[in-house]
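In: Prediction below, plus the sequence it came from.
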Amino acid sequence: MAILVFAETADKKIKKSSLEAVSYAAAMGGDVVAVVLGQVEGGELEKIGTSGGTKVLHADDAKLNEGVIQAYASVLAEAAGKAGADTVVLAKSSLGDAVAARLSVKMGAGLVSNVVALPQGNKVKRSIYTGKAFANVELKSGKKIIAIKKNAVPLKTDGGAAAVEKFTPSLSDADFKAKITSQEKAKGKVLLPEADIVVSGGRGLKGPENWGMVEELADALGAATGCSKPVSDMEWRPHHEHVGQTGVKVSPSLYIAIGISGAIQHLAGVNSSKYIVVINKDPEAPFFKAADYGVAADAFEVVPKLTEAIKALNN
Ligand SMILES: Cc1cc2nc3c(=O)[nH]c(=O)nc-3n(C[C@H](O)[C@H](O)[C@H](O)COP(=O)(O)OP(=O)(O)OC[C@H]3O[C@@H](n4cnc5c(N)ncnc54)[C@H](O)[C@@H]3O)c2cc1C
């Protein structure tokens with residue numbers, strides 16, 4: 001029995017979180033058929049094989065370049081039938097959530113989201129309360145949809161080559177009741193929600209005039225910049241950089257928090273990060289409890305030195 005994986009794309013590249021979903025499905029055993037919707041850059045489909053996929057169904061249709069939710073759900077339901085898959089695996093994301101809910105209705109499948117470990121029989125473990133606790137969920141349906149949490153499963157990198165098959169789903173106008181007519185993307189070298197490394201600053205940076213230090217560190221690391229809520233409220237930084245419960249939720253491999261206290265509302269947006277590094281002059285700052293590495297020192301002394309060291313490494 002094959003497992004179908006929805007391989008989500010952004011800017012014609014397959015998202016790392018979707019390659020984690022492929023790796024997860026491969027670890028479950030059996031054939032892993034990934035569906036890629038819309039046009040992608042050369043070499044992108046090969047990543048599916050490297051991550052453990054055995055086959056790619058590529059619906060190479062420009063109409064599917066943007067995430068039209070209804071159309072995506074229809075195409076995935078058709079692909080599941082074509083692949084003979086009773087289980088669909090995907091990465092938890094805002095698009096993934098919207099598509100999975102509709103797909104579960106179309107397939108009559110049980111759906112569990114935010115999954116952090118491989119299934120044990122029909123039971124899956126999911127993260128709840130913004131990563132503070134876990135719940136074990138039993139899937140009683142024959143058909144299952146599992147949406148995995150970003151950075152929760154290891155990425156497989158030693159797979160083989162997946163066979164690529166062109167897939168022409170039967171789409172109709174009814175699948176495109178809503179149409180994206182234009183998009184305005186946040187400016188910035190690296191987009192925050194997709195970034196693999198994020199450097200964030202808080203009120204400890206004292207003012208917008210000091211942000212050059214944060215940007216320089218982010219540049220050296222190829223990272224996106226973020227901030228705490230008060231920083232965007234005071235308009236030191238734009239609102240789309242505000243990270244947390246009421247802002248952007250990030251799950252990079254590395255999150256560096258500079259002069260941020262670590263209030264629960266901020267942590268809610270960053271606790272899926274693989275590694276958290278905290279720089280704060282107060283050794284009692286709550287963020288240190290969530291940190292993998294911490295520097296209890298003045299950011300104005302530490303950050304420039306850190307940036308210089310990274311630049312030296314880059315050279
Ligand atoms: C309903 C609600 C929703 C919220 N949502 C969010 C959210 O989504 N995201 C969010 O961030 N907040 C959110 N908040 C606000 C949150 O509670 C905190 O007030 C906020 O995160 C604090 O921001 P901060 O850490 O930058 O500032 P502060 O709490 O002022 O902390 C500044 C930190 O900088 C350190 N510092 C000072 N000087 C230096 C220095 N020279 N070097 C190094 N460290 C230094 C200090 O020790 C301190 O720990 C929300 C609050 C509410 C009530």
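Out: Yes, it's here.
In: rest of the way, CA atoms for contacts and neighbours
Out: OK.
In: Measure how buried Pro286 is and give me the count.
Out: If you count neighbours by other C-alpha atoms under 10 Å, Pro286 ends up with 16.
In: how much space between Gln120 and the ligand?
Out: In this view, Gln120 and the ligand are 34 Å apart by C-alpha to the nearest ligand atom, to the nearest Å.
In: in the sheet, who's paired with that residue?
Out: Taking DSSP bridges as the rule, Gln120 bridges to Lys123.
In: Up against the ligand, what does the stretch 151-300 of the chain have?
Out: Residues of the stretch 151-300 of the chain lying close to the ligand (C-alpha under 6 Å from any ligand atom) are 202-204, 228-230, 243-247, 259-263, 265-266, 279-282, 285, 298-300.
In: These in helices, which ones?
Out: Secondary structure from DSSP state H places 229-230, 265-266, 299-300 of those in helices.
In: can you put those in a markdown table and add neighbour count and pLDDT?
Out: Converted to a markdown table, those look like this (neighbours: other C-alpha atoms under 10 Å; pLDDT from 0 to 100):
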| residue | neighbour count | pLDDT |
| --- | --- | --- |
| Lys229 | 22 | 98 |
| Pro230 | 13 | 98 |
| Gln265 | 16 | 96 |
| His266 | 23 | 97 |
| Ala299 | 22 | 98 |
| Phe300 | 15 | 98 |
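In: Most widely separated two among those residues?
Out: Put simply, by C-alpha to C-alpha the two of these set farthest apart are Gln265 and Phe300, 25.0 Å from each other.
In: can you give me the strands in the stretch 1-150 of the chain?
Out: 3-7, 9-10, 13-14, 32-37, 55-59, 87-91, 110-115, 123-128, 133-138, 144-148 (DSSP state E, counting those that start in this stretch).
In: okay, the residue lying closest to Ala27 once chain neighbours are set aside: pLDDT?
Out: Once flanking residues are discounted, Ala27 sits nearest to Leu118: 7.7 Å by C-alpha to C-alpha, 6 or more residues apart in numbering. The model reports Leu118 with a pLDDT of 97.
In: Now for Leu118, how many residues are close by?
Out: Number of residues near Leu118 (other C-alpha under 10 Å) recorded here: 16.
In: Same check on Glu308?
Out: Glu308: 14 neighbours (other C-alpha under 10 Å).
In: All the helices of this protein, residue numbers only.
Out: For the chain, applying DSSP H gives helices covering 16-28, 46-50, 69-83, 94-107, 211-221, 229-233, 264-267, 287-290, 299-314.
In: list the helices and strands the last one packs on?
Out: It stands for helix 299-314. Contact here means 3 or more C-alpha pairs under 8 Å, 6 or more residues apart in numbering; DSSP states H and E; on that basis helix 299-314 packs against helix 211-221.
In: Can you point out the buried residues in the helix it packs on?
Out: Applying a neighbour-count criterion of 16 or more other C-alpha atoms under 10 Å, the buried positions in helix 211-221 are 211, 213-221.
In: repeat for stretch 229-248
Out: Of the residues in stretch 229-248, 229, 231-232, 236-237, 239-245, 247-248 count as buried by neighbour count, 16+ other C-alpha under 10 Å.
In: strands paired with the helix-or-strand element of the chain with minimal mean pLDDT, and their directions?
Out: Least confident helix or strand, the chain: strand 9-10 with a mean of 92, by mean pLDDT, DSSP states H and E. Within its sheet, strand 9-10 is paired with strand 13-14 (antiparallel), according to DSSP bridges.
In: Which residues does the strand it pairs with contact?
Out: Strand 13-14 has contacts (C-alpha atoms under 8 Å, 6 or more residues apart in numbering) with 7-8, 40-41, 44-45.
In: circling back: how near is the residue nearest to Ala27 to Gly142?
Out: In this view, Leu118 and Gly142 are 17 Å apart by C-alpha to C-alpha, to the nearest Å.
In: picking that back up, mind putting the strands of the stretch 1-150 of the chain in JSON lines, mean neighbour count and distance to Leu313 included?
Out: Compiled in JSON lines, the strands of the stretch 1-150 of the chain are given as follows (neighbours: other C-alpha atoms under 10 Å; distance: least, C-alpha to C-alpha, whole Å):
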{"stretch": "strand 3-7", "mean neighbour count": "30", "distance to Leu313": "34"}
{"stretch": "strand 9-10", "mean neighbour count": "17", "distance to Leu313": "30"}
{"stretch": "strand 13-14", "mean neighbour count": "18", "distance to Leu313": "28"}
{"stretch": "strand 32-37", "mean neighbour count": "29", "distance to Leu313": "37"}
{"stretch": "strand 55-59", "mean neighbour count": "22", "distance to Leu313": "38"}
{"stretch": "strand 87-91", "mean neighbour count": "27", "distance to Leu313": "33"}
{"stretch": "strand 110-115", "mean neighbour count": "22", "distance to Leu313": "36"}
{"stretch": "strand 123-128", "mean neighbour count": "18", "distance to Leu313": "36"}
{"stretch": "strand 133-138", "mean neighbour count": "13", "distance to Leu313": "38"}
{"stretch": "strand 144-148", "mean neighbour count": "26", "distance to Leu313": "34"}
